[in-house]
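With the input below, show me the fold.
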Amino acid sequence: MVTDGLLEASGKTKGRTYKPKVIVDSVFQLPVSKTLQEDMIWRDRIFPILKGVPESILNICHFGFTEMLNNVVDHSGASAVLVGVKRTAIDVSLSINDNGIGIFEKLQKELGLDDPRHALLELSKGKLTTDREHHTGEGIFFTSRMFGKFTILSGTLYYSRERRDEDDWLIESEERLKAPGTLINMTIRTNAQQTAKQVFDRFAAEELSYAFSKTHVPVKLAKYQQDQLISRSAAKRVLARFDKFREIMLDFQGIDSIGSAFADEIFRVFKNQHPDINLVVVNASPEVNKMIERARSHSHD
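Numbering: from 1, shown residues only. Just a heads-up that it's a prediction; the model follows:
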């Protein structure tokens, strides 16, 4: 593989190490204006250097790149965007870095949310946009689930999602390390088996003409600083816009416990008001499950 140019070797004998050789590493800057056409950039600048990549992976890259660049044009208020394409024998990485307002700050201000973390929670649900007339708010939701790894760095927040374990996690930096604009990075293995259609179908209901009707919500994104999920107010942050979906997967990974009021608001009050919405609980600890079952047992009292 070293001879074929697929791996790079360094060191000698037992200390010898290998890593995938970079085949393509292209970075270019574009001025941002309403006349910037993301499909033309894909066709002229990205697609030619991805020749040989399997069609299913190309389709995912095409979708993710054009959706993310279109978001920059329509929402960021940026004057310039830096586009990166890196390709090795095993994966493709696409990055889009703009100098605009920042995605979490933009959503917080436009939608009147509590803080940037609240914006991230809403963004993770999907169907969130500040321009309903021209956007469905589905681009980031589906892109983050097509790629093997999807990250956003903006302001003081770093959000990462990896396909292998369906995990969403968040790093919050110090204010002095605040990142300007928004940096999005998307990476996918060239032998990945998922297709764009499979991801769309996973969150679509056949009885609703395959409309986007299912979502996955990482509940830990509702926590602020050292707050615990004990109040009805915290539950209402989680529940916002749930009425837009038919099935919600509530992922409690990283949550050791919840309060009775929090559980009651979601699993009794909301469920009684919306009996047709299916709430699916995953990755819940025994303590969390205990509170959920307690709330559900009172749902018909």
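
mind listing the helices for the chain?
For the chain, applying DSSP state H gives helices covering 38-41, 55-71, 103-111, 116-125, 139-146, 196-202, 232-239, 260-264, 271-273, 286-297.

can you redo the ones you listed as TSV with mean neighbour count?
(Glycine included, C-beta is placed from N, CA and C.) As requested, these are exported to TSV (neighbours: other CB atoms under 10 Å):
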stretch	mean neighbour count
helix 38-41	15
helix 55-71	20
helix 103-111	20
helix 116-125	22
helix 139-146	22
helix 196-202	15
helix 232-239	18
helix 260-264	20
helix 271-273	12
helix 286-297	16
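
which residues of the stretch 1-150 of the chain score low on pLDDT?
The model of the stretch 1-150 of the chain has pLDDT under 70 over residues 1-11, 13-15, 18-20, 129-137.

what's the neighbour count on residue 231?
For residue 231, the count of nearby residues is 14 (other CB atoms under 10 Å).

Enumerate every residue touching it.
Neighbour list for residue 231: 259, 261-262 [criterion: CB atoms under 8 Å, 6 or more residues apart in numbering].

related to what we said a few turns ago, any chance of TSV for the helices of the chain, columns distance to residue 188?
Below are these laid out as TSV (distance: least, CB to CB, whole Å):
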stretch	distance to residue 188
helix 38-41	18
helix 55-71	6
helix 103-111	21
helix 116-125	20
helix 139-146	7
helix 196-202	11
helix 232-239	30
helix 260-264	36
helix 271-273	37
helix 286-297	32
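
among these, which is nearest residue 154?
Across the helices of the chain, residue 154 has its closest neighbour in helix 103-111 (5.0 Å, CB to CB).

got the angle between that closest one and helix 116-125?
For helix 103-111 against helix 116-125, the angle by axes from the mean of the first three to the mean of the last three CA atoms, to 10 degrees is 90 degrees.

just to revisit the earlier point, kindly indicate which of the contacts of residue 231 lies nearest residue 26.
Using CB to CB, the contacts of residue 231 come closest to residue 26 at residue 262, 47.7 Å.

Quick check: the gap between that closest one and residue 218.
Going from residue 262 to residue 218 by CB to CB, to the nearest Å gives 15 Å.

what does residue 156 give?
To residue 218, residue 156 is 18 Å away according to CB to CB.

now the strands: where do they sit in the stretch 151-300 of the chain?
157-162, 167-172, 179-189, 204-205, 211-212, 214-218, 247-251, 278-282 (DSSP state E, counting those that start in this stretch).

Same list, the contacts of residue 231, but as JSON lines with pLDDT and distance to residue 234 please.
Shown next, in JSON lines, are those (pLDDT from 0 to 100; distance: CB to CB, whole Å):
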{"residue": "259", "pLDDT": "94", "distance to residue 234": "8"}
{"residue": "261", "pLDDT": "95", "distance to residue 234": "9"}
{"residue": "262", "pLDDT": "95", "distance to residue 234": "6"}
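
Can you tell me which of those is nearest residue 201?
residue 262 (32.4 Å).

Please look at the closest one and residue 235 and confirm they touch.
Yes: Residue 262 lies in contact with residue 235 (CB atoms under 8 Å); the separation is 4.6 Å.

returning to what we had before: quick check on residue 156 and residue 218: which one has the bigger neighbour count.
More crowded of residue 156 and residue 218, by other CB under 10 Å: residue 218, with 26 against 19.

Having no further points to raise, I will conclude here.
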